[in-house]
Every structure is written in structure tokens, then in C-alpha cells.
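K.L.:
Next input, structure requested:
(chains A and B)
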Amino acid sequence: MSDNGVPRESPVAVAADSGGTSAPVAQFQSVQRIYRMGDQEVRALDGVDLTFRAGEYWSIVGPSGSGKSTLLNVLGCLDRPSEGTYFLGGEDTGELNDDALSELRSRRLGFIFQSYNLIPQLNVLDNIMVPLLYQSHPPADGEERARELASRVGLGDRLDHRPRELSGGQMQRVAIARSLVNDPDLVLADEATGNLDSQTSMEILDLFDELHSEGKTIVFVTHEASVSERAQRVLVMGDGRVCEVRETARLAQELAT
Amino acid sequence: MRGSGIIASVRLGISSLMLHKLRSGLTTLGVLFGTSSVIAMLAIGEGASAEAQEQIKRLGSQNVILRSVKPAEDQNQGSQTTRILSYGLTNDDYERVATSFPSVGRVVPSRLVAQEARFEDRMVPQPRIVATTPEWLEVSGRLVENGRFLTKSDSVGAKNVCVLGTELARDLFLFKDPIGQRVKLGADYFDVVGTITPRVRFDSDAPGAGEETTQELFIPLSTADNWFGDMNVSRRAGSFNAEEVELHELLIGVDNKDNVIGIANAAREMLERFHDEKDYEVVVPLELLAQAEETKRIFNIVLGSIAGISLLVGGIGIMNVMLATVTERTREIGIRRALGAKRQDIVAQFLVETVVLSVGGGLFGVALGLAIPQIVQWYTDMPTLVTLQAPILAFTISAGIGVLFGIYPAWRASHMDPVDALRHE
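P.N.:
Here you go, the predicted model:
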């Protein structure tokens, strides 16, 4: 879908795959996501093939309406493909019912949102532990892990604070800790620095880099070019398709060392 | 949110509700007043009917009471005349009842004597002097307080003895022990041999004109025949009225409860045949009891419906607020769903909140509902009775209403699309 609503020539779709050797974490095979609005069809995703492998660091960019958010929602099992298959950790998500998808989210995925999305009536510690709350077999050391993560993001002394008592950067740190508490296969971030000033944004992105260096698989959506260059690879979306996959300076640097 | 998580989810529910203290408080008030009004109304209804039933029972549910009544048409006659009015139950009626009715245990005749009672310088102008037989005590179900009641030998010997009701004893003797003293009735002296407990009154048992029902005094019927005859004379300025009544009351003790109605009907039929005008009445406590129970049932249904409606309104209030809450917390629902909450987790979360609201309201409502009857009783002297079922019933209904009216909002919350919910502002 173009910005003025008039179909234009579709860009050539490319398959996003690093071709690396590590195990695939998330895999799309000709995924389409079609919304019907009245008699109009909106192809938010129009045949996407991609493979994100363990330990990779991806950013997704593209104009608004290009399908970035839909891509992230499908990756996060919040939305289902209309056509095509999505494998998460080798499991065909199309086979799973609502409950099983929920369980998958609480075990395998970590979410970080632009507007932090903390639960206002819970304190920092409880907010970090929310994903564990919904696991059918929550780990015994959940609280310990949550405390460690809180200290790690620099909020070890604010466990009893409510979200409204924190600054934006602090709230996003809590959200990051929350996204890690279930030791996810894939961390998904949607404009994680969009509401933050540049200084705080840098701190948050440094935290992402740190996670990446520890081997976490991270995919984040952004519209800022400077931010997207932080990843190893940039996936450019346009009209519901993958237009381009670009390797960044970071990757070259990492390969060099 | 399973297993030991119930306490945690209740805690979370409370903390979510505390985010809107005023709103939660007002919602709770709806259930609170519903619950307390159920309890209070049932207590007032029960109290009113329990008192009436108790009074009727003490009148003797196995008794049939025949009474003389002054015929209605005579009451309008001029007061400047000298006349003798003769009416009421007769000794023949007594004979017929005593001999011809089956399954009659005892028949106790009594007559009222119009005399003043004196002791030393104290005088009671119009005591209720009942001339009767010794069986009266047992059939009426009254109890001796001190001394004894009339005995067979008092009757046979037509002795000048009397038994006082507590009130008359107090009025005449103050704090002195009346037993062994002599009371002057009219021109004659009577030895006090005992006192008995007060008479129980109930609404349909209206006293006769000028009759002070509680100042009672009992003498043997035979003694009354000897001294006072059937004639009761009342003198007023310029007039002289006399009433001739053979018997004022026939108290029939029936041997079996099942026969009470039959005896009552037979008595009505008999009296109708032998009396030209309606100068009698038949009082059947058992019928009154049935009437009282029916009245109570209707009373309870009406009060219960009103209270039930107010509980229903409270429930609708809860549902309304929960629907608003769900809409307002759409984003939170989205977050929880994204972080792995299943639909049932969301349902549980919101149901817990509704139940906390309604159970909280229910608990305070029970407390208030127990207090209201006390307050009513304190200020109005209206008897109230809180049965055990009332608070249990009211509390169960209020908790049930919480679940019932919570289901729809919770269901709505759980069926939101996570993506839309997350996008909600």
C-alpha cells in the first residue's frame, strides 16, 4: 500500500536470510497478512520470506504503512499470517490455538514497546515478573532472576517503585528487564527509543548491544537511520514486502575481530 | 495465575480497584445497601410476625374461645333511659358445648364482674374480675407466679378467695406481699391466695369498652354467683344501665389440634341456632395463626422482592463499572496478553475484581444489615428478628451477583484482539 492509496509498482521482494550457520529462531515462508476493510483488501504483508538465526541482531526500517508493525506482530505471535507459514523455534505456529500461542509468548518471546507498557498498579519487581505469572510451569527462581535483571538495568534499588514514579528511561529499562525474565529465544522491540531523548536512547541502545554481545537474538523496529545502523543487518520494508537487506558497519567490524 | 496464585490475584484485584477508590467504593455501596436491605427487611418482617404468632400461640392453639359481645344495634340507644340489657352466652350454651361436642377436653366458663377493688386506702375502679373455674389456668396456658390458683374446694365451697394478676397486685399492694391479705370487691372481702403471670394480648383481642384488661383478678364462679349474680350495673349521671350476661366467655380446650377447626365450626353452627342475634363471637387462635403465617408469607415476598431488586440494581452497577474498567484498561489487557496471559487468565483477573467488589459490599452489607434492625428496634420499639438464614442468603446472593454480572465484562476483556488492545490509547 502506498502512502496516497494508489497502487504503485511493487518492489522486487527479497528473502531476508543471513545464510549463517546458527539455528533459525524465526522463519517466515511466503507469509501474507491481509486485512479486509469492507470490500477493500489491505495487504499488510505480501509474501515475506525471512529467517532470523540465533544470536543475530536485526533492525527493521521502512515508511509507515510498509508493514513493519504487522511483521513484528506476526513475529510476536500476536497476529497470525493469513497465508504462509511461521516457524518459531522450529514449531509451526499455524498449528497452535490461542492458549498455546499465549504460552509460546510467555516462554519464547520478549517484548519491548515504544510506550513501555508497564502495568501501572504493579511495582518494578512485579512488572518484571509478569511473563512468569502466565507460564504453566514458572521457574522456581523467578523472583531471584527478576531482582538480578533489575540490578543489571540499574534499578536494583527501586524494586518497590510504581511506574509513575519512574522516568521514561527507567520505565524502558524495566521493560527490558521484563523482556528478559523468561530467557526468551527472541527479543522484539517496537520503536523502543521513540519516546526517549537522545541521551537516554543511547543508554538503552547500549543495553541492546550488551544483550547482543551475550548472544541474544534481537529484532527491533525503528524509523531512525542512525538507530538502525546499530544492528548487524537492516531489513527494509516497503508495501508489505522485504525490499532490501543491508549489512551494517557493525557486522563488518564484528567479522573483522 | 494458578494454584497458590489465588491470594496473589486477589491482592492484585484489590490493588487495581484501589486505583479508583471512589468508583470502587460507590460500586460497593450498591451491593452494600442491597444486602443490608435484604437482611433488615427480612428481620423486620420476621419480627412482626414472630411477635403476633407468639401471642396467638400463648392464647392456646388448641383452644376455641367463645365470647359474649354486646349486640351492635343497642349501642346507639339514648343514654337517658333506664334499661336492662340481656345478651351473650348462656349457661345452656355451656351445657350444650360441654356435653354434646365430641373430642372436647375441657370447657371453662367465665363471667366478668363489674366491681371496684380496694385494699386499705387504695382503690382500682374497674378491674377485670373474672369469675371462673379452677381449670381456667391450665386451658388458658397461664402460669402461677406466687401461691396457688383457684382450686376445686374453692369452687365447691364458693369460698371468698381471689387470685391476682401481677399488675393488679402491684397497683393494690405496691411492694407488699399480697398473699394472705384481703381485697375488698364491692362490699365483700376476698382472701388473696396467689398471683399469676400477665395476660398476653394481641391485636384482634380488643378489650371491651372501659375494660382495663391487665388489671386482672380471679374469683370462683360459684362465689360470684352467690354474691354478685348475673347483673352488672353501671350508673352514670342521670342514667342507670344494667347488663345481664350469664357467661362472658367459654374457653374450650380441644384434645387434638386436628379437631380445633371442626369444633370451632360446630360451635358457630350451634350458637347460630340458639341465638337470635349475633351477641357472641368465636375466636380460633389456630385460624389466627394460619392467617398470621399467610400474612407473614406475603409480607416476606413483598419485602424480599423490594430488597432483591435493590441487590439487582447493585449488580447492574457492578457490571456497568466493570465494563467501563475493561474499556479503560484495554491497554493493560493487551500488555498481559502479549506477555503470555491466556484468555482464561484475563477472565479470572476481572472476575476476581468483580467478586472482590461484590463480596466486599456483601460483607459490609451484612454488618449494616445486622445493625439496622437493632437501630429500628431502639427507636421504634418494633420487634425485629434476624434469622440465621437472612445474612447467609443475602451474602450468597450478593457474591453470586458479583460473579453473574462479572462474567460478561470479563469475557469481553478476554476476547479483545491483543494487537488492537495494545494500540488502544
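
K.L.:
Up against chain A, what does the stretch 201-350 of chain B have?
P.N.:
B:331-332, B:334-345 (C-beta under 8 Å from any C-beta of the partner chain). The way it works is simple: take the backbone N, C-alpha and C, and place the C-beta from them, glycine included.

K.L.:
Grab the two from those residues that are most spread out in space.
P.N.:
B:Arg331 and B:Gln344 (20.1 Å; C-beta to C-beta).

K.L.:
Of those two, give the one with the bigger neighbour count.
P.N.:
The neighbour comparison of B:Arg331 against B:Gln344 (other C-beta atoms under 10 Å in any protein chain shown) goes to B:Arg331, with 17 against 14.

K.L.:
Which residue, neighbours along the chain excluded, lies closest to the more buried one?
P.N.:
Excluding the flanking residues, the one nearest B:Arg331 by C-beta to C-beta, 6 or more residues apart in numbering or on different chains is B:His424, at 5.1 Å.

K.L.:
element containing A:Met202?
P.N.:
Counting by DSSP states H and E, the element that carries A:Met202 is helix A:198-213.

K.L.:
With only the CA atoms kept, save the helix or strand following that helix in CSV.
P.N.:
Downstream of helix A:198-213, the first helix or strand assigned by DSSP H and E is strand A:218-221. Taking C-alpha atoms only, strand A:218-221 is exported to CSV below (Å, rounded to 0.1, in the frame of the first residue of the first chain):
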residue,chain,number,x,y,z
ILE,A,218,17.2,-9.2,18.9
VAL,A,219,14.9,-7.7,16.3
PHE,A,220,13.9,-4.1,16.6
VAL,A,221,11.8,-1.8,14.5
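
K.L.:
I'd like the next helix or strand past strand A:218-221.
P.N.:
helix A:225-228.

K.L.:
Just the residues contacting the following helix or strand past that following helix, thanks.
P.N.:
Once helix A:225-228 ends, the next helix or strand along the chain (criterion: DSSP H and E) is strand A:233-238. Outside of strand A:233-238, the residues within contact range by C-beta atoms under 8 Å, 6 or more residues apart in numbering or on different chains are A:11, A:16, A:18, A:50, A:56-63, A:66-68, A:71, A:228, A:242-248, A:251.

K.L.:
Among these, name the ones in helices.
P.N.:
The helices, defined by DSSP state H, take in A:68, A:71, A:228, A:251 from the contacts of strand A:233-238.

K.L.:
Is it possible to get JSON lines of those that adds distance to chain B, pLDDT and neighbour count?
P.N.:
Formatted as JSON lines, those follow (distance: C-beta to the nearest C-beta, whole Å; pLDDT from 0 to 100; neighbours: other C-beta atoms under 10 Å in any protein chain shown):
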{"residue": "A:Lys68", "distance to chain B": "13", "pLDDT": "92", "neighbour count": "24"}
{"residue": "A:Leu71", "distance to chain B": "12", "pLDDT": "95", "neighbour count": "27"}
{"residue": "A:Ser228", "distance to chain B": "23", "pLDDT": "92", "neighbour count": "21"}
{"residue": "A:Leu251", "distance to chain B": "30", "pLDDT": "88", "neighbour count": "17"}
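
K.L.:
Okay then, goodbye and thanks.
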